[in-house]
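Q: Build the 3D model from these lines:
(one chain, ligands or ions: 1)
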Amino acid sequence: MSELAAGFDVHAAVSEPVLLEPGERKLIPTGFAMAMPADLEAQIRPRSGLAFKHGITCLNTPGTIDADYRGEVKVLLVNLGTEAFTIERGERIAQMLFQVVPKVTIEEVDELPETVRGAGGFGHTGV
Ligand SMILES: O=c1ccn([C@H]2C[C@H](O)[C@@H](COP(=O)(O)OP(=O)(O)OP(=O)(O)O)O2)c(=O)[nH]1
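A: Residues are numbered from 1 along each chain as shown. Below you'll find the predicted structure:
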C-alpha cells in the first residue's frame, strides 16, 4: 500500500467482537506495525463520532507511537458512556497522524528569562 495522506483511519483487528462495559478500558490490536523516519512520531487520536455517540475514546490521547517502535500498534480504548459497547472486527476505532518532533538540548540554569506572565497559569487571568 502506498498512499499520500495527512492521517489514516485505524481499524480494530480483533479476532472476535470485544465488549467494553461502562468504565472499562481495553487494549485493541490494529493488525499493523510500521517504521518511520527518526524525526517523526505517530499520534493515535480518538474519533469524535464514537466519543459523542457512545462515550468511547482513547484513554491516553494522543497515544504516542515512537519512531523506533516495531511492535503492533494498539489503541487503548475506554468506555466513558453509560452503555456497554461492542467493538467489531474492522471497525474504525481511532485515527493516526504524523508529527515532526524537534530535537532540543536541555540545559540546567539558575534563572529563567522574565516574561509578563511569569509563573501565572491555571486560569490566573480569570475565566
Ligand atoms: O496508544 C498507544 C501508545 C503507545 N503504543 C506503543 C508504541 C509506543 O512507541 C510504545 C510506547 O508508548 P509510550 O512511550 O506512550 O509508553 P510508555 O508508558 O512511556 O512505555 P515505554 O517504557 O514502553 O516507552 O507503545 C501503542 O501502540 N499505542
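
Q: Just the buried positions in the helix or strand of the chain with the lowest mean pLDDT, please.
A: Using mean pLDDT, DSSP states H and E, strand 7-11 stands out as the lowest-scoring helix or strand of the chain, at a mean of 93. Across strand 7-11, burial judged by 16 or more other C-beta atoms under 10 Å covers 10-11. C-beta coordinates here come from the backbone N, C-alpha and C atoms, glycine included.

Q: Got the confidence number for G90?
A: Model confidence at G90, given as pLDDT, is 98.

Q: could we number from 257 for the rest of this?
A: Sure, I'll start numbering at 257, so the last one becomes G346.

Q: Report the outermost residue of this protein with respect to its centre.
A: The outermost residue of the chain, judged against the average C-alpha position, is D366 (35.3 Å), by C-alpha atoms, centre = their mean.

Q: near the ligand, which residues of this structure show up?
A: 300, 316, 319-322, 325, 329-332 (C-beta under 6 Å from any ligand atom).

Q: and which of those is nearest the ligand?
A: The ligand lies nearest to G319 out of the residues of the chain next to the ligand, by C-beta to the nearest ligand atom, at 2.3 Å.

Q: give the contact list for that closest one.
A: Counting by C-beta atoms under 8 Å, 6 or more residues apart in numbering, G319 makes contact with 299-301, 331-332, 350.

Q: picking that back up, got the contact list for the least confident helix or strand of the chain?
A: Here strand 263-267 has contacts from 286-287, 300, 329, 331, 346-353, using C-beta under 8 Å, 6+ apart.
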